[in-house]
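J.: 3D, please:
(one chain, ligands or ions: 1)
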Amino acid sequence: MEIVRAAGLKKYYVTDTYEVRALDGVTLCVEEGEFLAVVGTSGSGKTTLLNLLGGLEEPTAGGVWIRRNSLKDMTREERTVFRRRNIGFVFQQFNLVPMLDVYENIVLPLRLDGEEPDETFLEELVTALGIKEKLGQMPQTLSGGQQQRAAIARALVTKPAILLADEPTGSLDSVTGMEVMGLLRTCADRFHQTVILVTHQEAAAQMADRILRMSDGKLSGGEKV
Ligand SMILES: Nc1ncnc2c1ncn2[C@@H]1O[C@H](COP(=O)(O)OP(=O)(O)OP(=O)(O)O)[C@@H](O)[C@H]1O
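T.: Numbering: from 1, shown residues only. Okay, the predicted model is just below:
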């Protein structure tokens with residue numbers, strides 16, 4: 001079943017002195033449970049694509065549908081709530097809240113919605129990610145790889161429709177980075193989680209079911225791994 005659709009997606013940054021076509025007509029369908037990687041060189045438009053798919057930025061043209069909900073038909077407030085309930089984000093920087101322990105960081109998206117965590121699912125998640133013993137610690141006492149695992153748990157705790165990962169291994173050494181990628185793959189398989197990963201690292205992209213290539217704001221490819 002199709003879970004994400006982008007059609008004719010464009011993002012132009014225009015000023016008096018320049019026009020950057022960061023995205024230049026992207027059409028994309030992602031199936032439920034699919035792990036898609038988008039690879040491309042620096043400046044090719046990968047982050048822009050992810051920001052538009054996640055409703056963090058508005059397109060110049062085209063649209064995004066998640067579970068058949070059109071992001072552009074929502075008000076800003078509706079989009080914020082929709083995003084919190086349906087989209088998990090993992091960034092290069094882990095963005096954990098330093099005043100909260102690992103457990104409170106992970107359940108934060110639920111707390112913001114006034115919800116309590118499903119403790120059985122949470123335990124499964126932190127066990128799969130290997131951070132069950134770290135829940136009582138503060139983020140700054142964790143290694144980079146452990147912090148990223150906590151960030152992945154936080155992104156998945158709401159059982160989002162899609163997980164959007166922007167260079168999740170970018171702040172990690174190559175061995176730790178591949179471990180984190182392996183865990184993302186495990187979560188995708190175990191929880192039937194749809195994942196869209198953008199990266200410039202071919203090795204990381206090889207974890208995906210399908211790889212698309214981005215160049216000058218356009219997508220090509222679609223080879224199965
Ligand atoms: N706010 C902005 N204003 C002007 N240009 C922008 C803005 N944001 C992005 N761009 C430009 O859009 C293009 C695509 O940027 P984007 O960050 O999506 O690329 P990327 O593939 O993610 O690069 P990287 O791998 O280096 O993160 C670049 O040329 C960038 O300079």
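
J.: any idea whether the residue nearest to the spatial centre of the chain is helix, strand or coil?
T.: For the chain, L164 is the residue whose C-alpha lies nearest the centre (C-alpha atoms, centre = their mean; 1.4 Å). Assigned by DSSP: H, G, I helix; E, B strand; the rest coil, the conformation of L164 is strand.

J.: surely it meets L53?
T.: Yes - using C-beta atoms under 8 Å, L164 is in contact with L53, at 6.2 Å. Yep, even glycine has a C-beta here, placed from its N, CA and C like the rest.

J.: buried residues, the lengthiest helix in the chain. List them.
T.: Looking across the chain with DSSP state H, the single longest helix is helix 174-190. Neighbour counts over helix 174-190 (16 or more other C-beta atoms under 10 Å) mark T176, G177, M178, E179, V180, M181, L183, L184, R185, C187, A188 as buried.

J.: got the contact list for the third one?
T.: Residues in contact with M178 (C-beta atoms under 8 Å, 6 or more residues apart in numbering) are T169, A203, A204.

J.: what ranges do the strands span in this protein?
T.: 2-14, 19-31, 35-40, 61-66, 69-70, 87-90, 162-166, 194-199, 210-215, 218-224 (DSSP state E).

J.: in TSV, list the ones you listed along with distance to V126.
T.: Formatted as TSV, those follow (distance: least, C-beta to C-beta, whole Å):
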stretch	distance to V126
strand 2-14	25
strand 19-31	26
strand 35-40	21
strand 61-66	26
strand 69-70	30
strand 87-90	15
strand 162-166	16
strand 194-199	18
strand 210-215	28
strand 218-224	31
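
J.: which of the ones you listed has the lowest average pLDDT?
T.: Lowest mean pLDDT of these: strand 218-224, a mean of 76.

J.: ok so, going back, run the angle between the longest helix of the chain and strand 162-166 for me.
T.: If you take axes from the mean of the first three to the mean of the last three C-alpha atoms, to 10 degrees, helix 174-190 sits at 170 degrees to strand 162-166.

J.: burial count for D113?
T.: As a burial measure, D113 scores 11 neighbours (other C-beta atoms under 10 Å).

J.: pLDDT at it, what is it?
T.: Model confidence at D113, given as pLDDT, is 89.

J.: how about V225?
T.: At V225, the model reports a pLDDT of 60.
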